[in-house]
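Colleague: Below are the sequence and a predicted model for it; my questions follow.
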Amino acid sequence: MKPLTGKSPLEADCRAGIQDVSIVADHMMLAAWDIGIGSCWVNFFKPSEVKEAFELSENETPVLLMTLGYPADDSKPAKLHHESKDMTEIVKVL
């Protein structure tokens, strides 16, 4: 598969396509939540199989799948949902 476009005019090998798609997907998830629709970002799939199943053209590359739906009234976050690492473990201040 060809890499996503989104070439930077500043450097030939700098591409932002995956980041752009990720930003759009994040906004879609937040907008859905605002109207009561739950979502889940799925990143565990074979892009080649998705490309074939949806008959995507040569210049289209699947980056993620997103499920959307109304959560059940009794649904709860997964056990580890509220646990997180300390910021010092994941952030580097320059």
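Modeller: That came in fine, so what should we check first? Numbering: from 1, shown residues only.

Colleague: how about the strands in this structure?
Modeller: 38-42, 65-69 (DSSP state E).

Colleague: Can I get those strands in a markdown table including mean pLDDT?
Modeller: Converted to a markdown table, the strands of the chain look like this (pLDDT from 0 to 100):
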| stretch | mean pLDDT |
| --- | --- |
| strand 38-42 | 95 |
| strand 65-69 | 97 |
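
Colleague: now the ones you listed as JSON lines including distance to residue 93?
Modeller: Backbone N, C-alpha and C define where each C-beta goes, glycine included. Shown next, in JSON lines, are the strands of the chain (distance: least, Cβ to Cβ, whole Å):
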{"stretch": "strand 38-42", "distance to residue 93": "27"}
{"stretch": "strand 65-69", "distance to residue 93": "32"}
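
Colleague: Which stretch among these is buried most, on average?
Modeller: Comparing those by mean neighbour count (mean count of other Cβ atoms under 10 Å), strand 38-42 comes out on top with a mean of 13.

Colleague: Just the angle for it relative to strand 65-69, thanks.
Modeller: Orientation check (axes from the mean of the first three to the mean of the last three Cα atoms, to 10 degrees): strand 38-42 against strand 65-69 gives 160 degrees.

Colleague: and strand 38-42, what does it pack onto?
Modeller: Other elements packing on strand 38-42 under the criterion 3 or more Cβ pairs under 8 Å, 6 or more residues apart in numbering; DSSP states H and E are helix 17-34, strand 65-69.

Colleague: Format the CA atom coordinates belonging to that strand as CSV.
Modeller: Output of strand 38-42 as CSV, limited to C-alpha atoms (Å, rounded to 0.1, in the frame of the first residue of the first chain):
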residue,chain,number,x,y,z
GLY,A,38,-20.8,6.0,22.0
SER,A,39,-17.9,5.0,19.8
CYS,A,40,-14.8,2.9,19.8
TRP,A,41,-11.6,3.4,17.9
VAL,A,42,-10.5,0.1,16.4
